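Undergrad: here are the coordinates; sequence isn't available:
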């Protein structure tokens, strides 16, 4: 089985063992894997399936259904730019274009140096302070292109 | 222990401490409240002052955030918006005793934008320490549960029915009827679930409530559990709300500690357990049956109804599914009585509604008032017009599935029936304002794009129709065969409305149709590329 060679196999088994007693545990398990590894590796899918007595298709179906779960490793920092209506009303599309241009990647991509992943998000619930951006777990409001540059530079200095 | 810098009113120089409030609401943090709190603590240490820094929720006046408050003998006084650089001058002005400063806003309760509101559901948000059960109880918390415990389950459900409370998530279904249905199911495992998947752009009241007064939601769910015989509750929270998650988990832990949750709720011998489950970025999971699938750990595909969730819901058991605001309003209704709540509002829209002013608006934030205000009053009296200073051209009410309303209809009253009467919907009470630079054909395209991104894929009109809709609008924007393409778009919208399985595909055409109705020129007057 390919699962035996999977480098994060022990981590995944431990997470499943911790959570499998809970009702409807699959999404909880995937969250825990992503929280620890940063993503849900393809190789984790068959392992999670066998540990939870589900089919691979069921696990893959859930991983691929939800926008939040990612199958590839993210960059050091994840930049989520809100693209919903309230932010659009305050220049959100120009900000999104600026983010793409500044990072040199499109949405759902990671910069070649692995520093930043750029993700679209459809509402961060900060609509009275649009446009909004989240960098890792930090939320920012009324973000101008200049402020985004400053925030990205600041994030880049960390680690 | 240190001395205060000035004598108190009684000329007492003895040691005293000051209480300062700096919000940890995500919106306030997004504007720098965290740095301001840090700067205040540091400055106090430098000056040898002792202060108690409470991280409260937001009052909802976001153009004043970060809003710093100090407790004085005469009431709380506000300063804002405070930047880190203002902190030393605030200390110089003795703001800890309410001293005058360029950023002084006077007594918080007397700020007109707040003073004119009717905060029943949001009465404690921005006021209390969200993590403190003791503070919650001091401000009237757990009075509703105390009363509910002295009543029969039937009487609790009847109180909710009598209050006229309707689901604040958007569907506006009478809450009491849902509860009654669950109560009438045979005894056995039942669930109370809270839909905290607040995904509509322009809405943030759930987030504010969960961050600012999470115990009111916890109390509301506990009352619901006792009323229908459910011992387990789940809060289905969207993954985009990490601050709310922390606030809820802290408050749940505190409620367990104080025995307001667990095996013996308030010494009644009755059990209610509660936990937060995280969503994973799927708008469709705000639809109740899709949310239940997701809570079961599955793809969030909608279920065909019937059976209703109240009969066969989570894990096939009778389940209450209510929105955050609905459940957080329950304690106030039990505490003060159904009549008091029903005394607010108009027609069949009883009580108050926390309205969220968003988008291109000068004074955005949360306005809780009895149903009955017009859009114009909200947009201009509270909102102060556009943020850009330009003319407001349109608002979208009720999230990405809500209609666009032109300025000519700003006299419309914001209640379920009046908005329905002009082909719009109130939804979760979010109002997104757009100025006259908005291109309504592009907004219509976005509505279809959003539906395509978020469709669960189960039914064809939604899955395929949304993509075809985008393509047709692209051709319209490019000026290709405008008349026939607009006709095609109208037919497609009709098909999606009639043929979709749930509200996503069934309502995604609403913004498109309303844009076509009110802003047709934006579609037909395109220059051929």
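TA: Thanks, I have the structure now. Computed from a prediction, not measured in an experiment: that's the story for all the values here. Residues are numbered from 1 along each chain as shown, chains lettered A, B, ... in the order given.
Undergrad: residue nearest the centroid of chain A?
TA: Nearest residue to the geometric centre of chain A (Cα atoms, centre = their mean): residue A:68, 5.3 Å.
Undergrad: does that residue really touch residue B:285, like I thought?
TA: No. Using Cβ atoms under 8 Å as the test, residue A:68 is too far from residue B:285 to be in contact (10.8 Å). C-beta here means a position set from N, CA and C on the backbone, and glycine is covered the same way.
Undergrad: so what's in contact with the two at the same time?
TA: residue B:279 (Cβ atoms under 8 Å, 6 or more residues apart in numbering or on different chains).
Undergrad: Pass me the low-pLDDT residue ranges in the stretch 201-350 of chain B, would you?
TA: Scanning the stretch 201-350 of chain B for pLDDT under 70 picks out nothing.
Undergrad: how many other residues sit next to residue B:85?
TA: Other residues lying near residue B:85 total 9 when counted by other Cβ atoms under 10 Å in any protein chain shown.
Undergrad: Tell me the pLDDT of it.
TA: The model reports residue B:85 with a pLDDT of 98.
Undergrad: Quickly note the distance from it to chain A.
TA: Distance of residue B:85 to chain A, computed by Cβ to the nearest Cβ, to the nearest Å: 16 Å.
Undergrad: same question, residue B:301
TA: 8 Å.
Undergrad: How is that residue assigned, secondary-structure-wise?
TA: What DSSP: H, G, I helix; E, B strand; the rest coil gives for residue B:301 is coil.
Undergrad: swap in residue A:11?
TA: helix.
Undergrad: Please name the nearest non-neighbouring residue to it.
TA: Sequence neighbours aside, residue A:36 is the residue nearest to residue A:11 in space, at 6.1 Å (criterion: Cβ to Cβ, 6 or more residues apart in numbering or on different chains).
Undergrad: So what does the closest residue to residue B:173 other than its chain neighbours look like in phi/psi?
TA: Leaving out its chain neighbours, the residue that sits closest to residue B:173 by Cβ to Cβ, 6+ apart is residue B:167, at 4.8 Å. When quoted as degrees, to the nearest 10, the phi and psi of residue B:167 stand at phi -60, psi 120.
Undergrad: Contact partners for residue B:167?
TA: B:173, B:174, B:175, B:178, B:322, B:323, B:326.
Undergrad: I'd like those residues as TSV, with neighbour count and secondary structure appended.
TA: Formatted as TSV, the contacts of residue B:167 follow (neighbours: other Cβ atoms under 10 Å in any protein chain shown; DSSP: H, G, I helix; E, B strand; the rest coil):
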residue	neighbour count	secondary structure
B:173	15	coil
B:174	17	strand
B:175	26	helix
B:178	24	helix
B:322	27	strand
B:323	24	strand
B:326	26	helix
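Undergrad: which among these gets closest to residue B:520?
TA: Distance to residue B:520, by Cβ to Cβ, is smallest for residue B:173 among the contacts of residue B:167, at 33.9 Å.
Undergrad: So the closest one is in contact with residue B:166, correct?
TA: Yes. Between residue B:173 and residue B:166 a contact is recorded at 6.4 Å, counting by Cβ under 8 Å.
Undergrad: tell me which element residue A:54 falls in.
TA: Using DSSP states H and E, residue A:54 is not contained in any helix or strand.
Undergrad: ok, now the one 5 residues further on?
TA: When elements are defined using DSSP H and E, residue A:59 is found to belong to helix A:56-65.
Undergrad: mind checking how far the closest residue to residue B:149 other than its chain neighbours is from chain A?
TA: What sits nearest to residue B:149 in space, not counting adjacent residues and going by Cβ to Cβ, 6+ apart, is residue B:268, at 5.1 Å. Note on residue B:268: its distance to chain A, by Cβ to the nearest Cβ, is 25 Å.
Undergrad: In contact with residue 125, which residues?
TA: Since no chain was named, I'll use chain A. Contact analysis of residue A:125 by Cβ under 8 Å, 6+ apart lists B:26, B:27, B:198, B:203, B:204, B:206, B:207, B:240, B:241.
Undergrad: Oops, wrong one, chain B.
TA: Contacts for residue B:125 were tallied using Cβ under 8 Å, 6+ apart; they are B:57, B:58, B:59, B:60, B:119, B:208, B:209, B:212, B:213.
Undergrad: Who's the closest spatial neighbour of it, skipping the chain neighbours?
TA: residue B:212 (3.6 Å).
Undergrad: mind giving me JSON lines with the contacts of residue A:125 and columns for neighbour count and distance to residue B:481?
TA: Rendered in JSON lines, the data for these read as follows (neighbours: other Cβ atoms under 10 Å in any protein chain shown; distance: Cβ to Cβ, whole Å):
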{"residue": "B:26", "neighbour count": "31", "distance to residue B:481": "46"}
{"residue": "B:27", "neighbour count": "31", "distance to residue B:481": "45"}
{"residue": "B:198", "neighbour count": "29", "distance to residue B:481": "40"}
{"residue": "B:203", "neighbour count": "29", "distance to residue B:481": "37"}
{"residue": "B:204", "neighbour count": "34", "distance to residue B:481": "41"}
{"residue": "B:206", "neighbour count": "30", "distance to residue B:481": "44"}
{"residue": "B:207", "neighbour count": "29", "distance to residue B:481": "44"}
{"residue": "B:240", "neighbour count": "28", "distance to residue B:481": "40"}
{"residue": "B:241", "neighbour count": "25", "distance to residue B:481": "44"}
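Undergrad: ok, so of the residues you listed, who is nearest residue B:484?
TA: The shortest gap between residue B:484 and any of those belongs to residue B:203, at 36.7 Å (Cβ to Cβ).
Undergrad: give me the element residue B:156 is part of.
TA: Judged by DSSP H and E, residue B:156 forms part of helix B:153-163.
Undergrad: I meant residue A:152, not that one.
TA: Under the criterion of DSSP H and E, residue A:152 resides in helix A:145-157.
Undergrad: In space, what's closest to residue 107 - neighbours in sequence excluded?
TA: With no chain named, the answer covers chain A. The shortest distance from residue A:107 to any non-neighbouring residue, by Cβ to Cβ, 6+ apart, is to residue A:120 (4.7 Å).
Undergrad: Let me rephrase: I mean chain B.
TA: Closest to residue B:107 by Cβ to Cβ, 6+ apart is residue B:75, at 5.0 Å.
Undergrad: What residues does that neighbour make contact with?
TA: Counted by Cβ under 8 Å, 6+ apart, residue B:75 has contacts B:107, B:108, B:109.
Undergrad: Would you mind checking those residues for buried ones?
TA: Using 16 or more other Cβ atoms under 10 Å in any protein chain shown as the burial test, the contacts of residue B:75 include B:107, B:108 as buried.
Undergrad: Would you mind giving the contacts of residue B:75 as CSV with pLDDT added?
TA: Below are the contacts of residue B:75 laid out as CSV (pLDDT from 0 to 100):
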residue, pLDDT
B:107, 98
B:108, 98
B:109, 97
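Undergrad: Can you tell me which of the contacts of residue B:75 end up in helices?
TA: If you go by DSSP state H, the contacts of residue B:75 have nothing in helices.
Undergrad: quick one: is stretch B:353-370 near chain A?
TA: Yes. Counting by Cβ under 8 Å from any Cβ of the partner chain, chain A has neighbours in stretch B:353-370: B:356, B:357, B:358, B:359, B:360, B:361, B:364, B:365, B:366.
Undergrad: and the second one, how many neighbours does it have?
TA: Around residue B:357 there are 29 other residues, counting by other Cβ under 10 Å.
Undergrad: That one belongs to a strand, doesn't it?
TA: Yes. Residue B:357: assigned to a strand according to three-state DSSP.
Undergrad: Quick one, grab the pLDDT at it.
TA: Among the per-residue scores, residue B:357 shows a pLDDT of 98.
Undergrad: Around chain A, pick out the residues from the stretch 301-450 of chain B.
TA: B:315, B:356-361, B:364-366, B:387, B:396, B:400, B:430, B:432-435, B:438, B:443, B:446, B:450.
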